[in-house]
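A.B. asks: I need the structure of the sequence given here:
(one chain, ligands or ions: 1)
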Amino acid sequence: MADSSKLTRIGLAGLAVMGQNLALNIAEKGFPISVYNRSTIKVDETVERAKKEGDLPLFGFHDPEAFVQSIQKPRVIIMLVKAGAPVDQTIKTLSVYLEKGDCIIDGGNEWYENTERRAKAMAELGLQYLGMGVSGGEEGARHGPSLMPGGSFEAYKSIEDILLKVAAQVPDSGPCVTYVGEGGSGNFVKMVHNGIEYGDMQLIAEAYDVLKSVGKLSNEELHEVFSEWNKGELLSFLVEITADIFTIKDDKAEGHLVDKVLDKTGMKGTGKWTVQQAADLSIAAPTIAASLDSRFLSGMKDERVEAAKVFKAAGVDDIFTDQVVDKQQLIDDVRQALYAAKICSYAQGMNLIRAKSIEKGWGLKLGELARIWKGGCIIRAVFLDRIKKAYDRNPDLANLLVDPEFAKEIIERQSAWRKVVSLAINSGISTPGMSVSLAYFDTYRRARLPANLVQAQRDYFGAHTYERTDVSGSYHTEWFKLANQLKL
Ligand code: NBP
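C.D. replies: Presented below is the predicted three-dimensional model:
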């Protein structure tokens, strides 16, 4: 271990996957770091790794007091423990040794209101608090994550030099970190990032399903297709790893591993929070909601197996004829459908962030958020540069769909998108993300919707009143009475 007689620049508590790797990253960038974990074995493991990975300036502590005392004042401690009660427990353990001006940064996927509650409690003790979204998983944490710090600007400034160095670096775009805003905005933005991630993964899975089930593409062909897509407008971490997945052979039996993976998707809650927040703020986020619903339905594996038997016996397949498709055309159409649906999904996520920013007065900069997602994080993609440029062109853009560049791209792809959704429907393949994205687009772009009828129904049975298209004001009609008079 390197010389531990001097005080370190920063501390990190919580040495599971994320904490351990972020601590090594910080040490590698030349910032001496103290580390601590509730179970001491992880401390020893981290110290061992620091030694092996280049005698990095990382110092392990089993005792929380010694850990805190080893950090230079004002102290900054990043916490990377499981969200919820473990965060409160870790704060309790450490705060007794902290002094006025010291700062704790929660790097976990925490609910933003918990961060705001803790920041308030800490402020009463003279302590500072930040909630910082960290994205990129194990690799990102070790070699450059996307960081979304929010809370006290002063606290952010005190460690900005560290964050700028440990974050992912994107050529011509800079480090993937920015001061997000006040309060729990860092956690909120990370939450929506994860919701968008759900949408991306769902849309990719649907593209795979259509290509495999309708186009009958083999895993080798799927690898080729996704690799090719990763050279163009869809270039992204998720498309890249998808291409990789199709190459992995099963080590326990014949065939590819992907075909043996049980079709049940897990989740930890940030996608659900995103959809709940969208509903609370009256923001339509159907693509993200569809991806969450798909995870719920995927979890009902036994029920689906039984339902498949019932509907097979009842002749569900009778209406499906084998679709004759031109493989190359299908691949090209699916690529376009995936891209167009993705634009809708990001539009929804960005609208949600903006709505929350207005509600809380955070002043979040959407273009800057797109910039810090260009590298390090799970949704990193060249596409984010287009989003950044759209908000640079017009920071008050009502919706990404109406940015002239994105509008043009959608129009160019809409025919392929409609073809893919129709093909999937006629083949009995569910593409909820692509379909609902198309419905979002078709709803948003229409000046007149059938909402007039819904409002008339509401006024009919509940006297909820309605507005008119031609004269201002609020109106109520005795629909029932008038309809009955006409029946006489
Ligand atoms: P986990 O979310 O699996 O949490 C494990 C850590 O929490 C360990 O250090 C554990 O200590 C500590 N912990 C627990 Br559990 N209960 C505790 C308690 N009562 N008191 C003190 N410490 C406690 O770790 P992770 O996967 O590294 O994620 C850390 C945070 O980062 C989470 O909020 C996560 O959602 C977020 N995140 C994770 C990823 C990812 O890819 N894994 C990506 C982005 C963000 P112990 O060793 O003593 O049990």
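
A.B. asks: what's near enough to touch the residue of the stretch 301-450 of the chain found nearest the ligand?
C.D. replies: Proximity to the ligand, evaluated over the stretch 301-450 of the chain using CB to the nearest ligand atom, is greatest for I378 at 8.1 Å. In short, each C-beta sits where N, CA and C put it, glycine included. In this structure, I378 makes contact with S135, G136, G137, G140, H193, E197, F237, L238, judged by CB atoms under 8 Å, 6 or more residues apart in numbering.

A.B. asks: dump these to TSV, plus secondary structure and distance to A456.
C.D. replies: Listed next are the contacts of I378 as TSV, based on DSSP: H, G, I helix; E, B strand; the rest coil; distance: CB to CB, whole Å:
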residue	secondary structure	distance to A456
S135	strand	46
G136	coil	51
G137	helix	51
G140	helix	52
H193	helix	40
E197	helix	40
F237	helix	48
L238	helix	44
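
A.B. asks: in a markdown table, list those residues along with distance to D250 and pLDDT.
C.D. replies: Converted to a markdown table, these look like this (distance: CB to CB, whole Å; pLDDT from 0 to 100):
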| residue | distance to D250 | pLDDT |
| --- | --- | --- |
| S135 | 30 | 95 |
| G136 | 28 | 95 |
| G137 | 23 | 94 |
| G140 | 28 | 96 |
| H193 | 32 | 97 |
| E197 | 27 | 97 |
| F237 | 24 | 96 |
| L238 | 22 | 97 |
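
A.B. asks: got the residues you listed as a markdown table, with distance to the ligand and neighbour count columns?
C.D. replies: Below are these laid out as a markdown table (distance: CB to the nearest ligand atom, whole Å; neighbours: other CB atoms under 10 Å):
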| residue | distance to the ligand | neighbour count |
| --- | --- | --- |
| S135 | 6 | 26 |
| G136 | 7 | 25 |
| G137 | 4 | 16 |
| G140 | 8 | 26 |
| H193 | 10 | 24 |
| E197 | 10 | 23 |
| F237 | 13 | 21 |
| L238 | 14 | 19 |
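
A.B. asks: the residue lying closest to H62 once chain neighbours are set aside and V47, how far apart?
C.D. replies: Spatial nearest neighbour of H62, chain neighbours left out: T40 (4.5 Å); criterion: CB to CB, 6 or more residues apart in numbering. Distance, T40 to V47, using CB to CB, to the nearest Å: 11 Å.

A.B. asks: the two - which one has more neighbours?
C.D. replies: V47 (19 against 14; other CB atoms under 10 Å).

A.B. asks: please identify the helix or strand for that one.
C.D. replies: Assigned by DSSP states H and E, V47 belongs to helix 40-52.

A.B. asks: how would you label V35: helix, strand or coil?
C.D. replies: Under DSSP: H, G, I helix; E, B strand; the rest coil, V35 falls in the strand class.

A.B. asks: distance of it relative to the ligand?
C.D. replies: From V35 over to the ligand the distance is 10 Å, taken as CB to the nearest ligand atom, to the nearest Å.

A.B. asks: ok, D259 - contacts?
C.D. replies: D259 is in contact with N219, D250, counting by CB under 8 Å, 6+ apart.

A.B. asks: do the same with G14
C.D. replies: G14 touches N37, M79, L80, V81, P86, T90, G108, counting by CB under 8 Å, 6+ apart.

A.B. asks: now with 6 Å, please.
C.D. replies: Counting by CB atoms under 6 Å, 6 or more residues apart in numbering, G14 touches M79, L80, V81.

A.B. asks: do D200 as well
C.D. replies: L238, I379.

A.B. asks: can you check the one 5 residues further on too?
C.D. replies: A205 makes contact with no residue under the criterion CB under 6 Å, 6+ apart.

A.B. asks: so what's the backbone phi/psi at it?
C.D. replies: phi -60, psi -40 (degrees, to the nearest 10).

A.B. asks: confidence score at the nearest residue to I319 once chain neighbours are set aside?
C.D. replies: The shortest distance from I319 to any non-neighbouring residue, by CB to CB, 6+ apart, is to G428 (7.9 Å). Looking at G428, its pLDDT stands at 94.

A.B. asks: what does R446 give?
C.D. replies: pLDDT for R446: 97.

A.B. asks: swap in S5?
C.D. replies: 64.

A.B. asks: just D317 next, same as before
C.D. replies: 84.

A.B. asks: quick one: it and S298, what's the gap?
C.D. replies: For D317, the distance to S298 - CB to CB - is 21 Å.

A.B. asks: please say which of these two ends up with more neighbours.
C.D. replies: Per other CB under 10 Å, whichever of D317 and S298 has more neighbours is S298, with 16 against 10.

A.B. asks: which residue packs closest to the more buried one, ignoring adjacent ones?
C.D. replies: Closest residue in space to S298, ignoring its immediate chain neighbours: T265 at 4.7 Å, by CB to CB, 6+ apart.

A.B. asks: repeat for E99
C.D. replies: In space, E99 is closest to K73, 6.9 Å off (CB to CB, 6+ apart).

A.B. asks: in a helix, that neighbour, correct?
C.D. replies: No: per three-state DSSP, K73 lies outside any helix segment and is coil.
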